[in-house]
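J.: Give me a model of this one.
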Amino acid sequence: MTTLIQTLADFAAGTRYEDLPSNVAEECRRLLLDSIGCAIGGLSHSRGEIALAYARMQGPGAPGHEARVLGTPLRTSINAAAFANAELINALDYDAILPPGHVTPYVLPGALAFAEAGSTSGRDLLCAIAIAHEMSNRIGKAQDYLRDVKDGKISPPPVHGYSSTVFGATAAIGKVKGHSAATTAHAMGIAGSMAPVNSQWSFSVHSSFTSVKYHVAGQLANTATHAAMLAELGHTGDLDLMDDPECGWRRMINTSRWETSRITPALGREWWFPKEQTYKPYPHCRILHAPLDALTEVLDTNQIRLDEIESITAWVEGFVMQPLWLNKKIEHVTQAQFSMAHGLSVGAHRVPAGKRWQSPEVVFDPSVIALMEKIHFEVHPDYEKQLTGNAASRPTRIQVRARGQSFVAERRYPRGSPSPDPSTRLTNEELATKFAGNAQGVLDPRAVDAAVKLVWSLDDAKDLAELLRLVTP
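T.: A predicted model of the protein is given here:
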């Protein structure tokens, strides 16, 4: 009997670039450009600085096993490069979103590092990116989800996180290395046995703060790199891990829901992830993007000055009424990525969206901190109804009191989401502009333009080395 891990490994090993629909290949190019940009932008963040320092400590890799840390001249071991790039991509919380949450920071770095070391073609990397995101999205649908709905009500699980992306991350490495389906299956079994715990909900509800956020992104990326190499060397993994509901992955990850029937339908024939792939126009937790869009509309339409604002009230999704998002005591730059009051205050100060949002001079600006006290939150009365109607919904209402009047705007779908409103999708041009903003001060503008052009035509690249040279200062 073929196990679920073996089925997924067969999908990974058997899928070729030529099998990808054009929209899937396009989404993978967009993900690659956005993620490299986020990593380069992340060099300015304290978490990025730590990742780079840690990678330097690991030293060079063995011959043929070296890769670059994005946006730097550093070449180090594959494991160290994957660790650092995972941390860098997620450092600003500016990276792409796909259920079960963040996916790309965990599944791309290992595949990218091995692809560089092995002189992999652009087509093979794009195929690996597609496999990793499709697999992660499908497995995520089988488990508990942060925005789960039960009986018409939002029901956040007591345990949540992104550890399930370890399977897609491992399969992507197997793809760029040309592993057989059998080797990929064993690698996935090994990765599952080493996966980090799902710690995000704990991070969300505790008032104490940790700068590692959901978990250490580099750890998950390295779980995949270790598993792939161990399987290549002959280690074997638990191929029944995902099939046993009593003592397998379901119990390990502590998910109350494990609907494996949602993972395999039309696998390899239908691609689901592009319909939910989201990009961030702001370096902030996704829950605040619709409120930021609405706030911008109110301020711009009515030409409201900062000194005229008397108060801001935001009606938001109910599940975010937790210490993580309601926090107004900012002691570390990473806290600013989740504090709704801080994000709205920065937006009201008209700071252009980009990596500067996470700079200490903006995060701790006395004017930004002062305005936070005028910002209040309520639960949007229709958020459950709108979410059950369309999963892309992020219902919000913003009310700004100024000049003795109330100014209001509402949003259902934030920019960056694939939604029934086509205007919410970020265009390739907008993603290129975001990339340039993240690369500013790190890369020469000519290299930025050349890198964007090369990513859009990555299908023709015989070796990723050319792209990686362009993103090395």
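
J.: Please work out the average pLDDT along stretch 112-125.
T.: The average pLDDT within stretch 112-125 is 95.

J.: And for stretch 66-85?
T.: Averaging pLDDT along stretch 66-85 gives 96.

J.: Only the buried residues of it, if you could.
T.: Under the neighbour-count criterion of 16 or more other Cβ atoms under 10 Å, stretch 66-85 has 66-72, 74-85 buried. C-betas here are computed from N, CA, C, even on glycine.

J.: Show me the helices in the stretch 301-450 of the chain, by range?
T.: 323-326, 340-348, 360-363, 366-372, 383-389, 428-439, 445-456 (DSSP state H, counting those that start in this stretch).

J.: Can you tell me which of these is most buried?
T.: Highest mean neighbour count of these: helix 340-348, a mean of 26 (counted as mean count of other Cβ atoms under 10 Å).

J.: ok, and what's touching it?
T.: Defining contact as Cβ atoms under 8 Å, 6 or more residues apart in numbering, one finds that helix 340-348 is touched by 282, 284-285, 287-288, 291-292, 295-296, 299, 306, 309, 312, 314, 316, 320, 325-328, 330, 335-336, 357, 362-363, 368-369, 371-372, 375, 377.

J.: mind running it again at 7 Å?
T.: 284, 288, 291-292, 295-296, 299, 306, 309, 312, 314, 316, 325-326, 328, 330, 336, 357, 362, 368, 371-372, 375, 377 (Cβ atoms under 7 Å, 6 or more residues apart in numbering).

J.: Extract the C-alpha trace of it and format it as PDB.
T.: Taking C-alpha atoms only, helix 340-348 is exported to PDB below (Å, rounded to 0.1, in the frame of the first residue of the first chain):
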ATOM      1  CA  MET A 340      -1.900  47.100  15.300                       C
ATOM      2  CA  ALA A 341      -1.700  50.500  17.000                       C
ATOM      3  CA  HIS A 342       1.900  50.900  16.000                       C
ATOM      4  CA  GLY A 343       1.200  50.000  12.400                       C
ATOM      5  CA  LEU A 344      -1.700  52.400  12.100                       C
ATOM      6  CA  SER A 345       0.300  55.100  13.700                       C
ATOM      7  CA  VAL A 346       3.100  54.700  11.200                       C
ATOM      8  CA  GLY A 347       0.600  54.700   8.400                       C
ATOM      9  CA  ALA A 348      -0.900  57.900   9.700                       C
END
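
J.: same question for it, mean pLDDT?
T.: For helix 340-348, mean pLDDT is 97.

J.: Okay, strands next: where are they in the protein?
T.: 66-68, 75-77, 149-150, 153-154, 309-316, 375-379, 396-402, 405-411 (DSSP state E).

J.: how about these, which one is nearest residue 223?
T.: Closest to residue 223 of these, according to Cβ to Cβ: strand 75-77, at 15.5 Å.

J.: just checking, what packs against the closest one?
T.: On a contact count with 3 or more Cβ pairs under 7 Å, 6 or more residues apart in numbering; DSSP states H and E, strand 75-77 meets helix 46-58, strand 66-68.

J.: swap the cut-off to 6 Å and go again
T.: helix 46-58 (3 or more Cβ pairs under 6 Å, 6 or more residues apart in numbering; DSSP states H and E).

J.: what does the helix it packs on contact?
T.: Helix 46-58 is contacted from outside by 42, 69, 76, 77, 80, 84, 87, 88, 91, using Cβ atoms under 6 Å, 6 or more residues apart in numbering.

J.: likewise stretch 174-181?
T.: Stretch 174-181 is contacted by residues 9-10, 12-13, 111, 114-115, 120, 124, 128, 131, 184, 187, 228 when judged by Cβ under 6 Å, 6+ apart.

J.: Mean confidence (pLDDT) on it, please.
T.: On average, stretch 174-181 scores 98.

J.: in it, what's buried?
T.: Within stretch 174-181, the residues that count as buried by 16+ other Cβ under 10 Å are 174, 175, 176, 177, 179, 181.

J.: Among the residues you listed, which one lies nearest to residue 217?
T.: Closest to residue 217, out of all of these and judged by Cβ to Cβ, is residue 176, at 19.4 Å.

J.: For the closest one, which non-adjacent residue is closest in space?
T.: Leaving aside its sequence neighbours, residue 176 sits nearest to residue 115 (Cβ to Cβ, 6 or more residues apart in numbering; 4.5 Å).

J.: Please report the distance of the spatially most central residue of the chain from residue 51.
T.: In the chain, the centroid-proximal residue (Cα atoms, centre = their mean) is residue 102; its distance is 3.3 Å. Counting by Cβ to Cβ, to the nearest Å, the gap from residue 102 to residue 51 is 16 Å.

J.: same thing with residue 249?
T.: 28 Å.

J.: thinking again about what came up before, and the residue nearest to the centre of the chain, how far is that from residue 133?
T.: 12 Å.

J.: so where do the helices sit in the stretch 51-200 of the chain?
T.: Along the stretch 51-200 of the chain, the segments classed as helices by DSSP H, counting those that start in this stretch run 78-91, 104-117, 122-142, 165-177, 181-194, 200-205.

J.: Now do the contacts for residue 137.
T.: Residue 137 makes contacts with 98, 272, 273, as judged by Cβ under 6 Å, 6+ apart.

J.: What pLDDT does the model give it?
T.: You'll see residue 137 listed with a pLDDT of 97.

J.: again, but for the one 3 residues further on
T.: The per-residue pLDDT reported for residue 140 equals 93.

J.: right, and it touches residue 99 too?
T.: Yes. With contact defined as Cβ atoms under 6 Å, residue 140 counts as touching residue 99 (4.9 Å).

J.: Compare these two and say which is more crowded by neighbours.
T.: Neighbour count, other Cβ atoms under 10 Å: between residue 140 and residue 99, residue 140 has more, with 23 against 20.

J.: Distance of the more buried one relative to residue 384?
T.: Counting by Cβ to Cβ, the gap from residue 140 to residue 384 is 21 Å.

J.: pLDDT-wise, which helix or strand of the chain ranks last?
T.: Least confident helix or strand of the chain, by mean pLDDT, DSSP states H and E, is strand 153-154 with a mean of 64.
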